[in-house]
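J.: Just to be clear, the model below is a prediction. Sequence and coordinates:
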Amino acid sequence: MMNKIVLFTANTQGGIIQFTIQLFHVLKNKGYQVCVFMPDNVTNSDLSDMGHSLVQFKKEKKVLVNSSYKKIAECISKENPLFVWYMDNSTISQKVGLFINIDIPQLLTMHDAGNYHPTNNVNIRNLLANKYNELLAKKFFRKVSKFLVLSKESYYTFKNNQPEYAHKLITMNLGAHLPNDNESVPVEVEELINRPFYLFFGRIDKYKGIENLLHAYKNSSCIYPLVIAGNGKLTEREKVLLGECNNVTLINRYILDGEMKWLIKNSMAVCLPYIEATQSGVIPLAYYYRKPVLVSNLVGLTQFVEEGKTGYINESVDNWIECFNYYDLNNYKSMEDSIAEYYDKTMDWYKNIENVIEGMKV
């Protein structure tokens, strides 16, 4: 069997695409042949480094038609890889996986352990799609050789939800997956160049706890601006609070990769006020740039925070207000060495990837 690994994703933009690109480079640098399958309409990401290793397919709108998925599975099976690694648990990933040669091991990444978070973006189509995805998963999971979860909390969550597959679990701490794009300043925050600011970055949704963040910021005496950057939908209450806050900038759109890099690198601290989480890809990004994190008291977040060394844990809105009132730029800069040490110790891609590969051999 060739020393080849196939990476597959049905996503077209965002963090999972960057996750895929990062894995490609790490595996390639470790001496593996890597073949990456992605849709042909991937946007906002530079795929030029992949060259002939990239295979792009047309993403069908009709998920009930199986012919295209069979063709993709046949192409993957012909590669005869050590294993196929799915970046996401999407309907398309599952459909392709059901047609993969039974002798080829399959590794499925379970972001957030497969849970659905509370959302502001509910519609009938999404509900039906989720239900169909769940039905497919029951079939696909039986074919999956190993499930990859990205934190200890995700491990326990998945184990509780799917105890019959607990023996198939592999855990890997997520490192920062950074795009090749050059840093660029979002036009909305050009006035903040050379000024320290707090940052919330990521998709805006109900479970992200932005209401608590805005409530705390409004009732604090914070002298630093707050930037909320991400695509998604604010609740009506969040819109009201935003209007009542001074010194808050909202960038409510898709954040380009270069803009993401600038925002995190130039922030003073990154805020994660989530009300639900099993892990977060934002924390390793913050740590990569030696930025501390302010997080809610959720195990899915606090498992990556050393209190007072890499960030602060807030149990209530009052704790958030205290952070905004009492900590300044000097407090956060003093954490840089501890953050660098923590990142190198727990989030190193090369060490963590090797554990995944060893896990696939068991």
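T.: Sure thing, it's come through.
J.: Could you identify the helix or strand that succeeds the helix or strand of the chain with the lowest mean pLDDT?
T.: Scoring the helices and strands of the chain by mean pLDDT, DSSP states H and E places helix 124-143 at the bottom, with a mean of 79. Downstream of helix 124-143, the first helix or strand assigned by DSSP states H and E is strand 146-149.
J.: how distant is the least confident helix or strand of the chain from the center of its chain?
T.: The chain centroid and the centroid of helix 124-143 are separated by 21 Å, computed with Cα atoms, centre = their mean, to the nearest Å.
J.: And for stretch 87-98?
T.: 18 Å.
J.: contact partners of that stretch?
T.: Identification of contacts with stretch 87-98 by Cβ atoms under 8 Å, 6 or more residues apart in numbering yields 7-11, 16, 19-20, 23, 59-60, 63, 66, 69, 72-73, 76, 84, 86, 106, 108-111, 114, 129, 132-133, 136-137, 139-140, 143-144. For the C-beta atoms, the positions are set from N, CA and C on the backbone; glycine is no exception.
J.: Also stretch 169-176?
T.: 19, 22, 107, 146-152, 154-155, 158-159, 279, 281, 284-285, 287-288, 304, 343, 346-349, 352-353, 355-356, 359-360.
J.: Determine the three-state secondary structure at residue 222.
T.: coil (DSSP: H, G, I helix; E, B strand; the rest coil).
J.: Just give the nearest non-adjacent residue to it, would you?
T.: Distances taken as Cβ to Cβ, 6 or more residues apart in numbering place residue 324 nearest to residue 222, at 3.8 Å, with adjacent residues excluded.
J.: so for the strand or helix carrying residue 156, what's the average pLDDT?
T.: Here residue 156, judged by DSSP H and E, is contained in helix 152-161. Per-residue pLDDT over helix 152-161 has a mean of 92.
J.: same for it, what does it pack against?
T.: Applying 3 or more Cβ pairs under 8 Å, 6 or more residues apart in numbering; DSSP states H and E, one finds that helix 152-161 contacts strand 146-149, strand 169-171, helix 299-302.
J.: buried sites along the last one?
T.: Residues of helix 299-302 classed as buried under the neighbour-count rule (16 or more other Cβ atoms under 10 Å) are 300, 301, 302.
J.: Show me the contact partners of the helix holding residue 156.
T.: Outside helix 152-161, the residues that touch it by Cβ under 8 Å, 6+ apart are 110, 112-115, 147, 149, 165-166, 169, 171, 277-279, 299-300, 303.
J.: Please repeat the previous calculation with a cut-off of 10 Å.
T.: For helix 152-161, the external contacting residues (Cβ atoms under 10 Å, 6 or more residues apart in numbering) are 110-115, 147-149, 151, 165-174, 277-279, 298-304.
J.: hmm, which of those are the buried ones?
T.: The neighbour count (16+ other Cβ under 10 Å) marks 110-114, 147-149, 151, 165, 168-174, 277-279, 298, 300-304 as buried among these.
J.: With mean pLDDT as new columns, can the helices and strands packed on helix 152-161 be given to me in CSV?
T.: Output for these, formatted as CSV (pLDDT from 0 to 100):
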stretch, mean pLDDT
strand 146-149, 96
strand 169-171, 95
helix 299-302, 94
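J.: Which among these is found nearest to residue 191?
T.: Closest to residue 191 of those, according to Cβ to Cβ: helix 299-302, at 30.5 Å.
J.: Span of stretch 309-324 from start to end?
T.: End-to-end distance for stretch 309-324, by Cα to Cα, to the nearest Å: 17 Å.
J.: Could you give me the buried positions within it?
T.: So for stretch 309-324, counting by 16+ other Cβ under 10 Å, buried means 310, 311, 312, 313, 314, 317, 319, 320, 321, 323, 324.
J.: Surely the fourth one is within a strand?
T.: Right, the one you point to is residue 313. Yes - assessed with three-state DSSP, residue 313 lies in a strand.
J.: Residue 249 versus that one, what's the distance?
T.: According to Cβ to Cβ, to the nearest Å, residue 313 stands 26 Å off from residue 249.
J.: same check, this time on the second one
T.: Going from residue 311 to residue 249 by Cβ to Cβ gives 22 Å.
J.: next one: the last one
T.: In this structure, residue 324 and residue 249 are separated by 16 Å, where distance is defined by Cβ to Cβ.
J.: ok so, going back, can you turn the buried subset of the contacts of stretch 169-176 into a selection I can paste into PyMOL?
T.: To isolate the buried ones among those in PyMOL, judged by 16+ other Cβ under 10 Å, type:
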select buried, resi 19+22+107+146+147+148+149+150+151+152+154+155+158+159+279+281+284+285+287+288+304+343+346+347+349+352+353+356+359+360
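J.: can you map out the strands along the stretch 51-200 of the chain?
T.: 54-57, 83-86, 106-109, 146-149, 169-171, 198-201 (DSSP state E, counting those that start in this stretch).
J.: would you turn the ones you listed into JSON lines with distance to residue 38?
T.: Shown next, in JSON lines, are those (distance: least, Cβ to Cβ, whole Å):
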{"stretch": "strand 54-57", "distance to residue 38": "6"}
{"stretch": "strand 83-86", "distance to residue 38": "12"}
{"stretch": "strand 106-109", "distance to residue 38": "15"}
{"stretch": "strand 146-149", "distance to residue 38": "19"}
{"stretch": "strand 169-171", "distance to residue 38": "23"}
{"stretch": "strand 198-201", "distance to residue 38": "24"}
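J.: With that, I have no additional questions.
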